[in-house]
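J.: coordinates only, sequence not included:
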């Protein structure tokens, strides 16, 4: 057995093999693959790469490049199998929310190293979540693999008893949906924790004489530093005093208004008056519903107010703090 540890909720790969093989040696591994050399009891040797690809296209591109480099060092039969998180045809992915194009990087990888899809037997899709189905599990073989194997195709075999409903029984279907909902909730909570932690660190350490403060201050200084400017003759000036004078002159001229005589515009547009009912509504007190709607339309993780609490706190705790917030706003309104 060989494993690649997960990074929090992301990644992680286990590779287990039967004792029917004479020898299994791990030649190389990365965050998304484990590459093995296998010798069977009849002394035949081949290489296999077990893959669990990232759902992020940028990380998958790094995987395809690693496997392309690996293919250049393989002399014998080679097959690649696992969750490649990619499709070749638009018919291999169905979504209720959006239409996704096939993975062109995946296609280019297969074409560049001359791999062939070994096919499969069973349901047309190998993965399903809420509103999405796709075929993202693959077994691919090299030309030497196809020549060496007794059958041209060695398909993935899914048990017939699980074929209904894309390979899941009704009980497993409900369990999978429940697990996906819990995972999505956990990932959301994790992202909110990190977002809150980043803002809390800024609130606590921003004005203290700490390494964090100096790092942020120096970063702002580097981004905002002006080392040179061009003058009116298009020549570069580097002297800080001349740069200061140049900036001052530019903005003084930009916002200075010339004394010119303006001709009074003749406007024939007559704006309709506001009736008494509308005026009364504009001057009436704010209702609790209006206050709640305004707070719930705010960005949840936007910059917090003086109390160091952003809108997410009030939205999630409205049942406890809503009355106090409404009373305070109505008091200020009066």
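T.: Perfect, I can see it now. This is a predicted model, so every value here is computed, not measured. Numbering: from 1, shown residues only.
J.: element containing residue 108?
T.: Using DSSP states H and E, residue 108 sits in helix 104-113.
J.: no, scratch that, I was asking about residue 35
T.: Element membership of residue 35, judged by DSSP H and E, is strand 33-39.
J.: what is the subsequent helix or strand relative to that strand?
T.: Scanning forward in sequence from strand 33-39 by DSSP H and E, the next helix or strand is strand 45-52.
J.: ok, back up a step: packing partners for the helix holding residue 108?
T.: helix 57-71 (3 or more C-beta pairs under 8 Å, 6 or more residues apart in numbering; DSSP states H and E). C-beta here means a position set from N, CA and C on the backbone, and glycine is covered the same way.
J.: what's the angle between the helix it packs on and strand 45-52?
T.: 170 degrees (axes from the mean of the first three to the mean of the last three C-alpha atoms, to 10 degrees).
J.: for the record, mean pLDDT for helix 57-71?
T.: Computed over helix 57-71, the mean pLDDT rounds to 90.
J.: show me what counts as buried in it.
T.: By 16 or more other C-beta atoms under 10 Å, the buried positions in helix 57-71 come out as 60, 61, 63, 64, 66, 67, 70, 71.
J.: beyond the helix holding residue 108, next helix or strand please.
T.: For helix 104-113, the following helix or strand on the C-terminal side (DSSP H and E) is strand 116-117.
J.: average model confidence for the following helix or strand past that following strand?
T.: Tracing the chain C-terminally past strand 116-117 and defining elements by DSSP H and E, one meets strand 120-121 next. In this model, strand 120-121 has a mean pLDDT of 72.
J.: elements contacting strand 120-121?
T.: Strand 120-121 makes packing contacts with strand 156-157 when contacts are defined by 3+ C-beta pairs under 8 Å, 6+ apart.
J.: so what's the residue count around residue 48?
T.: For residue 48, the neighbour count with other C-beta atoms under 10 Å is 21.
J.: that one: what's it in contact with?
T.: 35, 36, 38, 78, 79, 80, 81 (C-beta atoms under 8 Å, 6 or more residues apart in numbering).
J.: specify the beta-bridge partners of it.
T.: residue 36, residue 79 (DSSP bridges).
J.: show the pLDDT at it.
T.: 93.
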